[in-house]
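In: next one to model:
(chains A and B)
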Amino acid sequence: MPSILPQLIINGLIAGSIYALAAAGFALVYYVLKFQYFSHGAIMSIAAYSFFAFLNLMGMNYLFSGALTVIISILATLLTNFLIYNPLRKRRATSNIKLIVSVVLLIFATALLQAIFGSSTKSITLGQNKVFDFGTFTITSIQLSIIIIAIIIFLALWFILKKTRLGKAMRALADNKEVAQVVGISPEKIYTYTFIIAGMVAAVGGILLGLEQNLYPRMGIPIIVKGFVSSVVGGLGSVPGSIIGGLFIGLAENIGVLYFPTGYKDIISFVIMLLFLLLRPQGILGVKARDS
Amino acid sequence: MIHDFLIYFLLIVLIYTIIVMSFNLAVGFTGLVNLGHMVFFGIGAYASALLALSGAPWYLAVPSSALIAALSGAIIAALTVRLKGDYFQIVTLGLVFIAVTLSRNWISLTRGALGLPGVPPIFKDSLHYMIFVMAVFALSVIFFYWLTNSGTGKIFQAIRDDETASSVLGKNTYFYKILSITISTFFAGLAGSLFVHYIKFVDPTIFDLEFFVLILSMLIAGGLASIQGSIAGVFTLGIFVELIRFIDRVPLLSTVLAQHPELIGASRTMVYSVIVIYLLIFRPRGIFGRVEV
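Out: Down below sits the predicted model:
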């Protein structure tokens, strides 16, 4: 039995990197804008489908397809901010209303993708996929690049949040909106930047998700649910926490296969989340609960 | 034809109204945003289907499935209503995904994705069934009016408005929150049972987010903390949902949809979601609402 453990850990890291990207976007928006951003899953599914469309339907090369997908995702994210989240903020909608709207957007994206691409599953084909055999485990070149690209995005997010003026402004706004405004930070501008970053994270997350599994119109729902669970486990509203949470959930689900039937994989993450909420609601990184 | 359609429409609307009123008790009157409300509807539906399929008469199956839903509601409430901030919603939303996974994988009980077909109807004739459901509906409406105007109902609303003050005044808020969820999930289970005896079938799609969003939008459209609001919300959005069934008859659109019939379902969902979103932006309090979620 332990002989398959290294392979399960690798599988867990691959799944976990994608969960972490879903969780990071969710957590970033939760941190800065204080609502549960489920439409991140919608953007991820749109990104996966656009990458598929550019690469396999129009036959562009993968770098160009990737760049176009990032642009589309950012535009889609900004469009939801302009048409929906901005009017909601102007009318001082409660975070519950924003949560519900973001879930409705998720369903809208499902229907949109179904209308454009049909309900049958699709899969992205991307050149040669070499298999590296390390004896105790194997990993394909695509899976290896998933992990590497995810790590680059995590480092970039960390850099933006901790080392740039934008990151400082975001943190100031997240901590205290009034004080941030007093010192001259314009919330709307920072919100726009936050959505741009979330859109980029969703683009990368969506492409990597599309490389790892089949595409189907509802794909955004399960992935953002995993992202949300990871974010809760890691500490709601903490971007680094959400990334740790994503890797943790990915590993737990895959190692859990040793003990539970595979059909129950999804339950493992919820049981972990419930245990965390009941025993350590502040999550792994210990973020304090916010009263709504 | 029109006769059948009317019976179908009324049955669905009456059952939905029971769900929405019960949902309103938790969300609107007590301030407990229980995003897993439809789980208890599903528990009621599954319990009823299993009981009826194993030969239990309906007068046993219907009340016991409502009680099973209420019991599960009470247990979950006891564990979760103390959670602060957004965490109560998060856990209850998590319940939905647990319910989906369990109903898909507990094959020996639920037959997984195949679902449970052949649930025996309570009345052979759907007109009789509608009259029966109407009676249950009327009793539920009377009960909810009575409850929300009673002392207990006032305590629920006091907890919603200021929990600390209510507990300072000596009310055991923990107990009352559990009570609210228990009553709320009892009626959700009852509605699930009535639903499954009409549809005669249940499968894991009963927990789909789309269905939940439909019920949620009816709740918000009608208005929180208002029983007449819930009734109005279900009827107006119910009529509207039935109307967008005819989206393929709209001029211009009809030619496109005739060539691509697979677009009909997707375009309905899109039209519906856009309307719900703008309803939430411009009228978050709904028709009769007194509070916001």
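In: excluding chain neighbours, what is closest to the residue of the stretch 101-250 of chain B found nearest chain A?
Out: With CB to the nearest CB, the shortest gap between the stretch 101-250 of chain B and chain A falls at B:N105, namely 3.8 Å. Just so you know, the C-beta spots here come from the backbone N, C-alpha and C atoms, and that holds for glycine as well. Leaving aside its chain neighbours, B:N105 sits nearest to A:G263 (3.8 Å; criterion: CB to CB, 6 or more residues apart in numbering or on different chains).
In: was I right about that neighbour contacting B:S103?
Out: No: contact between A:G263 and B:S103 fails when scored by CB atoms under 8 Å: they sit 11.2 Å apart.
In: who has more neighbours out of those two?
Out: For A:G263 versus B:S103, neighbours defined as other CB atoms under 10 Å in any protein chain shown are more numerous around B:S103 (26 against 14).
In: any idea which element that one lies in?
Out: According to DSSP states H and E, B:S103 maps onto helix B:87-105.
In: surely the residue nearest to B:N105 is within a helix?
Out: Yes: according to DSSP: H, G, I helix; E, B strand; the rest coil, A:G263 belongs to a helix.
In: roughly how far does it sit from A:S17?
Out: Noted for A:G263: a distance of 23 Å to A:S17, by CB to CB, to the nearest Å.
In: return the residues of the stretch 151-293 of chain B in contact with chain A.
Out: B:209-210, B:213, B:216-217, B:220, B:262-263, B:265-270, B:273-274, B:276-277, B:280-282, B:284, B:292-293 (CB under 8 Å from any CB of the partner chain).
In: which bits of the stretch 101-250 of chain A sit near chain B?
Out: Counting by CB under 8 Å from any CB, the stretch 101-250 of chain A sits next to chain B at A:101, A:103-108, A:110-112, A:114-115, A:118-119, A:221, A:225, A:228-229, A:232, A:236.
In: quick one: secondary structure of A:A93?
Out: What three-state DSSP gives for A:A93 is coil.
In: list the contacts for it?
Out: Neighbour list for A:A93: A:101, B:280-281, B:284 [criterion: CB atoms under 8 Å, 6 or more residues apart in numbering or on different chains].
In: over to it: give its phi and psi.
Out: Backbone torsions for A:A93, taken as degrees, to the nearest 10, come to phi -60, psi 150.
In: so which residues of the stretch 51-200 of chain A form strands?
Out: A:131-133, A:138-140 (DSSP state E, counting those that start in this stretch).
In: show residues contacting the last one.
Out: Which is strand A:138-140. Contacts for strand A:138-140 (CB under 8 Å, 6+ apart): A:7, A:10, A:14, A:129-132.
In: same check on stretch B:17-24?
Out: So stretch B:17-24 is in contact with B:34, B:37-38, B:41, B:136-137, B:140-141, B:144, B:183-188, B:190-191, B:194, B:215-216, B:218-219, B:222, B:224-227, B:229-231, B:233-235, going by CB under 8 Å, 6+ apart.
In: just the residues you listed: which are in strands?
Out: Among the contacts of stretch B:17-24, DSSP state E puts none in strands.
In: what about those, which are in helices?
Out: B:37-38, B:41, B:136-137, B:140-141, B:144, B:183-188, B:190-191, B:194, B:215-216, B:218-219, B:222, B:227, B:229-231, B:233-235 (DSSP state H).
In: mind telling me which residue of the stretch 151-292 of chain A is nearest chain B?
Out: A:G263 (3.8 Å).
In: how about the contacts made by that residue?
Out: Counted by CB under 8 Å, 6+ apart, A:G263 has contacts B:101, B:104-105.
In: ok, and for the helix or strand bottoming out on mean pLDDT in chain B, which residues are buried?
Out: Least confident helix or strand, chain B: helix B:253-259 with a mean of 76, by mean pLDDT, DSSP states H and E. Residues B:L257 are the ones in helix B:253-259 that count as buried (16 or more other CB atoms under 10 Å in any protein chain shown).
In: do the same with stretch A:257-276
Out: For stretch A:257-276, burial by neighbour count (16+ other CB under 10 Å) applies to A:257, A:264-274, A:276.
In: related to what we said a few turns ago, show me which of the residues of the stretch 101-250 of chain A next to chain B are buried.
Out: Using 16+ other CB under 10 Å, the buried ones in these are A:101, A:103-108, A:110-112, A:114-115, A:221, A:225, A:228-229, A:232, A:236.
In: keep only those of the residues you listed that are in helices.
Out: Among those, the residues falling in helices (DSSP H) are A:101, A:103-108, A:110-112, A:114-115, A:221, A:225, A:228-229, A:232.
In: what does stretch B:54-71 rub up against?
Out: By CB under 8 Å, 6+ apart, stretch B:54-71 touches B:40-41, B:43-45, B:47-48, B:51-52, B:120, B:122, B:182-183, B:185-190, B:192-194, B:197.
In: apply 7 Å and report the result again.
Out: With CB atoms under 7 Å, 6 or more residues apart in numbering or on different chains as the test, stretch B:54-71 has contacts from B:40, B:43-44, B:47-48, B:51-52, B:122, B:182, B:185-186, B:188-190, B:192-193, B:197.
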